[in-house]
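S.K.: Here you go, sequence then predicted model.
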Amino acid sequence: MGNQSVSSRLALPACYASLGAVLGFFGAALVWQFIYSIGSSVVSDELHYELAGTVSAWGTVAGACSGFAVGAVANTRAVAAFIAFAVLHVSAVLAGMFGGSSRWANGIYGYFGAHAASVIGCGGCAVLLVARKLIRNQPLTASR
């Protein structure tokens, strides 16, 4: 995989971002419906219907961002990145459900916090991979 064009390097992260956007939309909607199903002790009907579309829309954005970050690392570690991608979305939904069982805001913090942690973690991993290649005087192209 010598010299790759920019479009070929962005193809895999774009696929992960697209899949992440879909999973983020449904994951956020699932967490929000779970929080609503607990009852009025957690969220009122008015607030639920007011924020239903907003939560799903931001879930789409969060899923796309974390998918792109995982996809950027996937150019060098494909299998590990796919496993991390699957674990990310499952753990984000579980964190949202766990936090949302006590208060609706905690559920939102848990869900979106998991996505933020994945972006930070994958960004750190990417920096470490680039630093490793620079230290070893290797080209910055993806090698398989």
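M.R.: Sure thing, it's come through.
S.K.: Would you check how far apart Ser102 and Gly96 are?
M.R.: Separation of Ser102 from Gly96 (CB to CB, to the nearest Å) stands at 12 Å. From N, CA and C alone the C-beta is placed, and that goes for glycine too.
S.K.: try Asn106
M.R.: Asn106 is 9 Å from Gly96, by CB to CB.
S.K.: Name the residue in those two with the higher neighbour count.
M.R.: Set Asn106 next to Gly96 and count neighbours by other CB atoms under 10 Å: Gly96 wins out with 29 against 18.
S.K.: and the more buried one, what pLDDT?
M.R.: For Gly96, the pLDDT comes out at 95.
S.K.: Show me which parts of the helix or strand where it lies are buried, residue by residue.
M.R.: Taking DSSP states H and E as the definition, one finds Gly96 inside helix 78-100. By neighbour count on 16 or more other CB atoms under 10 Å, the buried set for helix 78-100 is 81, 84-85, 88-89, 91-93, 95-97, 99-100.
S.K.: repeat for stretch 115-131
M.R.: Burial within stretch 115-131, assessed by neighbour count using 16+ other CB under 10 Å, is assigned to His115, Ser118, Val119, Gly121, Cys122, Cys125, Leu129.
S.K.: And for stretch 46-60?
M.R.: His48, Leu51, Val55, Ser56, Trp58, Gly59, Thr60.
S.K.: And for stretch 30-42?
M.R.: So, applying 16+ other CB under 10 Å, buried residues of stretch 30-42: Leu30, Val31, Trp32, Phe34, Ile35, Tyr36, Val42.
S.K.: Many thanks, I have nothing further to ask.
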